[in-house]
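>>> need coordinates for the below:
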Amino acid sequence: MQIPVVDVFAGPGGLGEGFSAYSPKGRAKVRPFKIAISAEMEVNAAKTLRLRAFFRQFEPGKVPASYYDYVGGRAEQPWTDATKAQWVASGEEARQLQLGVPKDDKVLHEKIKQVAAKGDPWILIGGPPCQAYSLVGRARNKGIADYKPEEDHRHFLYQHYLKILRDHRPAAFVMENVKGILSSKVGGELMFPKILADLHTPGGKNGPRYRVIPLIKSDSDALFDEEDGRRYILRAEELGVPQARHRVVLVGVLEDIDVSNARLMVPSDEQVDVSSMIRNLPRLRSGLTDMEVDSWPEEAREILTHAAKLSEDTEVAAELLQQAQRVTKTDPGSGSKSANWTAGCAKVPAHLEGWLLDPKLAYLLNHEVRKHMWMDLVRYAYASAFTLTHGKSPRGSGEFPEAMHPAHANWSSGKFIDRFKVQRWKGPSSTVTSHLSKDGHYFIHPDPSQLRSLSVREAARLQTFPDNYFFEGSRGAQFRQVGNAVPPWMANQIADVVYSILGT
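Here you go, the predicted structure:
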């Protein structure tokens, strides 16, 4: 028996992917969770969800060639007459719905009624939008005249989640959000205690009652229902994810279900570094927004040499000149995308080999980069060489040559100390965010000679999306989807805890 999953605020499906692809240890062919419906309001993310729902209609290894033709750009649609039924089924599963819109709520709740009516355990998963809770979002809100947190509906989007719990009583739920939710206030009062209390009793005294448990194994005897919100923080870099991403994850279980044998997570000190995930991907180079390029090898040498001339750090200058000498005629050209699949792509950490790689892929998907201004690429070159030389990214005006300072009014204020941030080869990346869709300055590639920010696929790998996971929409839309998602590998481990409670 499969456990139905209802996925709301689904984004591109990172949390759902972790559950749907989960297999109990030693039972590789068993898939105990099945997505019954996923709901997402953004059009491109909804298209991504449907495409992945189509992929999941087939057993592992038996996905039709038409899917690979579509994601590889060789076909206009992923299905054929032979697989049209699966495409229709994927449209029933992955729906573009906005919670709070009456007609969309009706569709979602009717589907949930069908799931709940069977009487078997099912689960609700999702992450209500976090802009109102995130530290960046709160800082932005402070700059809005007459902004009042209590009038910002985004603080209360989780109440749509509560309504599902109240009306349909799933056996368990998983709710994910940013760490800022722990300190967010409305009307001078912390929101987290209220949210936690609401999740305990979403229907009031006559509604269902849930026990909210932390996911991380602790030596403490007080394993459950701790009011200290820090107990609910998952640190992705401690769970085999190559990224320092800290999120609050609340797992609730109906009080009459035994949780004493829950198989909680055990964090690890061994971290996955950026190099092991993206160093061997096909090399790319940014295009330029402010000029045409006749020869990228020549232009790359010019940018690297110019950065060396402006550098006030002799070690960094020497590294830049060495990088310039290594540029050859076969160096990557102006790179909006790569269609090469090489053996090097398969070099990933052992625990992620079966998760990330697909031998049926002929192309590396979504491996595309944005264009940048020429002077920004000079800054990228310098920042990457500085990171190679000193083991850390340069921070603010104090560690950038004065001749490279951007014409930004607040550059020297200290507010933009990480405006140009390199993702180091060693260690996990910083948190992958949707800001990647804007300029890429916080996600500079560690290789100085590539002169670019990360590609969509590189960001997706740092998020642990499988290589055959295709993101729909424009490049900006793809970046937003990847940045807003739950890392599927972390979600897979959440699924293991839930299965240890509900599975048989």
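>>> mind listing the helices for the stretch 301-450 of the chain?
Using DSSP state H, counting those that start in this stretch, the helices of the stretch 301-450 of the chain run over 314-326, 353-356, 374-390.
>>> enumerate every residue touching the spatially most central residue of the chain.
Centroid check for the chain by Cα atoms, centre = their mean gives Ala485 as the closest residue, at 3.4 Å. Residues counted as contacts of Ala485 (Cβ atoms under 8 Å, 6 or more residues apart in numbering) are Gly11, Pro12, Gly13, Gly14, Leu15, Gln463, Phe465. Every C-beta, even on glycine, is put in place using the N, C-alpha and C of the backbone.
>>> apart from its neighbours in sequence, what residue is nearest the third one?
By the measure of Cβ to Cβ, 6 or more residues apart in numbering, the closest residue to Gly13 outside its immediate chain neighbours is Leu49, 5.0 Å from it.
>>> check contacts around the one you found.
Counted by Cβ under 8 Å, 6+ apart, Leu49 has contacts Ala10, Pro12, Gly13, Gly16, Ser38, Glu40, Ala94.
>>> what about stretch 260-279, average pLDDT?
For stretch 260-279, mean pLDDT is 94.
>>> over to stretch 199-214?
92.
>>> likewise stretch 7-25?
Mean predicted lDDT for stretch 7-25 stands at 96.
>>> one more: stretch 112-129?
Computed over stretch 112-129, the average pLDDT equals 93.
>>> from start to finish, how long is that stretch in a straight line?
In stretch 112-129, first residue to last residue: 21 Å (Cα to Cα, to the nearest Å).
>>> now do the buried residues in that stretch.
Within stretch 112-129, the residues scored as buried using 16 or more other Cβ atoms under 10 Å are Ile112, Val115, Ala116, Pro121, Trp122, Ile123, Leu124, Ile125, Gly126, Gly127, Pro128, Pro129.
>>> wait, Leu451 sits on Arg301?
No - counting by Cβ atoms under 8 Å, Arg301 is not a contact partner of Leu451; they are 10.7 Å apart.
>>> helix or strand next in line after the lowest-mean-pLDDT helix or strand in the chain, which one?
One helix or strand of the chain scores below all others by mean pLDDT, DSSP states H and E: helix 135-142, with a mean of 47. Later in the chain than helix 135-142, the nearest helix or strand by DSSP states H and E is helix 158-168.
>>> how far does that following helix sit from its chain's centre?
25 Å (Cα atoms, centre = their mean, to the nearest Å).
>>> more neighbours, Leu451 and Arg301?
Leu451 (31 against 20; other Cβ atoms under 10 Å).
>>> which residues sit in contact with the more buried one?
Neighbouring residues of Leu451 by Cβ under 8 Å, 6+ apart: Arg285, Ser286, Ala300, Ile303, Leu304, Leu377, Tyr380, Ala381, His445.
>>> ok, now how distant is Pro394 from Gln493?
Distance, Pro394 to Gln493, by Cβ to Cβ, to the nearest Å: 35 Å.
>>> looking at these two, which is more packed in?
When Pro394 and Gln493 are compared for neighbours, Pro394 comes out ahead with 26 against 20, by other Cβ under 10 Å.
>>> the residue nearest to the more buried one when sequence neighbours are not counted: neighbouring residues, count only.
Residue nearest to Pro394 in three dimensions, not counting chain neighbours: Phe386, with 4.6 Å by Cβ to Cβ, 6+ apart. By the criterion of other Cβ under 10 Å, Phe386 has 26 neighbours.
>>> picking that back up, nearest to Gln57, of the contacts of Leu49?
Ala94 (11.1 Å; Cβ to Cβ).
>>> where's the closest one relative to Gly26, distance?
For Ala94 relative to Gly26 (Cβ to Cβ), the value is 31 Å.
>>> of the two, who's got more company?
Each of Ala94 and Gly26 has its neighbours counted (other Cβ under 10 Å); Ala94 has more, 28 against 6.
>>> my guess is that one contacts Arg52. True?
Yes - look at Ala94 against Arg52 with Cβ under 8 Å: they come within range, at 7.4 Å.
>>> ok, the residue nearest to Arg230 when sequence neighbours are not counted - contacts?
Counting by Cβ to Cβ, 6+ apart, Leu182 is the residue found nearest to Arg230 once chain neighbours are left out, at 7.3 Å. By Cβ under 8 Å, 6+ apart, the contact set of Leu182 is Leu190, Phe192, Gly229, Arg230, Val248.
>>> for the closest residue to Asn261 other than its chain neighbours, phi and psi?
In space, Asn261 comes closest to Ser500 once its chain neighbours are excluded; the distance is 6.6 Å by Cβ to Cβ, 6+ apart. Main-chain dihedrals, Ser500, degrees, to the nearest 10: phi -60, psi -20.
>>> and the gap between Ser500 and Ile123?
Distance from Ser500 to Ile123, by Cβ to Cβ: 13 Å.
>>> follow-up on the earlier one: tell me which two in the buried residues of stretch 112-129 are the farthest apart.
Pairwise over the buried residues of stretch 112-129, using Cβ to Cβ, the maximum falls at Pro121 and Pro129, 27.5 Å.
>>> neighbour-wise, which one of the contacts of Ala485 leads?
Pro12 (36 neighbours).
>>> quick one: secondary structure of that one?
Three-state assignment for Pro12 (DSSP: H, G, I helix; E, B strand; the rest coil): coil.
>>> show me the contacts for it.
For Pro12, the contacting residues are Glu40, Ala45, Thr48, Leu49, Arg52, Phe471, Gln481, Val482, Asn484, Ala485, by Cβ under 8 Å, 6+ apart.
>>> out of those, who's nearest Leu165?
Using Cβ to Cβ, the contacts of Pro12 come closest to Leu165 at Glu40, 19.3 Å.
>>> and the nearest residue to the closest one once chain neighbours are set aside, how far from Asp198?
Using Cβ to Cβ, 6+ apart and skipping residues adjacent in sequence, the residue nearest Glu40 is Ala10, 4.3 Å away. According to Cβ to Cβ, Ala10 and Asp198 sit 21 Å apart.
>>> state the mean pLDDT of stretch 354-364.
Mean predicted confidence for stretch 354-364 is 90.
>>> ok, now stretch 431-444?
On average, stretch 431-444 scores 88.
>>> I'd like the contacts of Ala485 as CSV, with distance to Val456 appended.
What follows is these, written out as CSV (distance: Cβ to Cβ, whole Å):
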residue, distance to Val456
Gly11, 15
Pro12, 11
Gly13, 15
Gly14, 14
Leu15, 19
Gln463, 10
Phe465, 10
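>>> low-confidence regions, the protein specifically.
130-156, 219-227, 329-344, 409-410, 412-416, 504 (pLDDT under 70).
>>> what does the domain assignment say about the chain?
As given by automatic domain parsing, the domain ranges for the chain are 3-33+102-272+486-502, 282-363+369-454.
>>> do you know which of the ones you listed lies nearest Asp81?
Judging the domains of the chain by Cβ to Cβ, what sits closest to Asp81 is domain 282-363+369-454, at 21.1 Å.
>>> returning to what we had before: which one's more surrounded, Ala10 and Asp198?
Comparing Ala10 with Asp198 by other Cβ under 10 Å, the one with more neighbours is Ala10, at 30 against 17.
>>> report the contact partners of the more buried one.
Per Cβ under 8 Å, 6+ apart, neighbours of Ala10: Gly16, Ser38, Ala39, Glu40, Ala45, Leu49, Ala94, Gly126.
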